[in-house]
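A.B. asks: sequence-free structure coming up:
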């Protein structure tokens, strides 16, 4: 039996993880050791600005966490390594 609080929690989470957010989250899930925003954009030929916006939303909601940083191979700038958190939903 599903409790009412579980249903309410599901309704709050489900609408958030859809469309582009879900796509970006799934791409990070394909890299369990983590990846940077720039790597995801390059590997999957996406616009970096679209990736960054969705990643910021996913970090804010706890879907992705920062696990370190490294120097980007192309730009030479320091960048965050992110990986998905374990979530139920």
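C.D. replies: Alright, I've got the coordinates. Computed from a predicted model, the values in this text were never measured in an experiment. Numbers count the residues shown, from 1 in each chain.
A.B. asks: going forward, measure contacts and count neighbours with C-alpha atoms only.
C.D. replies: Fine.
A.B. asks: In this protein, where's the longest helix?
C.D. replies: Counting by DSSP state H, the longest helix found in the chain is helix 48-60.
A.B. asks: Go ahead and flag the most central residue of this structure.
C.D. replies: residue 25 (4.1 Å; C-alpha atoms, centre = their mean).
A.B. asks: contacting residues for the closest residue in space to it that isn't next to it in sequence?
C.D. replies: Of all residues beyond its chain neighbours, the one nearest residue 25 is residue 84 (7.1 Å), with distances taken as C-alpha to C-alpha, 6 or more residues apart in numbering. For residue 84, the contact set (C-alpha atoms under 8 Å, 6 or more residues apart in numbering) comprises 25, 28, 29, 32, 34, 63, 64, 65.
A.B. asks: Can you list which of those are found in strands?
C.D. replies: 64, 65 (DSSP state E).
A.B. asks: now the contacts of residue 84 as CSV including distance to residue 2 and pLDDT?
C.D. replies: Below are those laid out as CSV (distance: C-alpha to C-alpha, whole Å; pLDDT from 0 to 100):
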residue, distance to residue 2, pLDDT
25, 26, 92
28, 30, 94
29, 27, 92
32, 30, 86
34, 33, 94
63, 23, 91
64, 27, 94
65, 29, 94
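A.B. asks: This completes my enquiry, with thanks.
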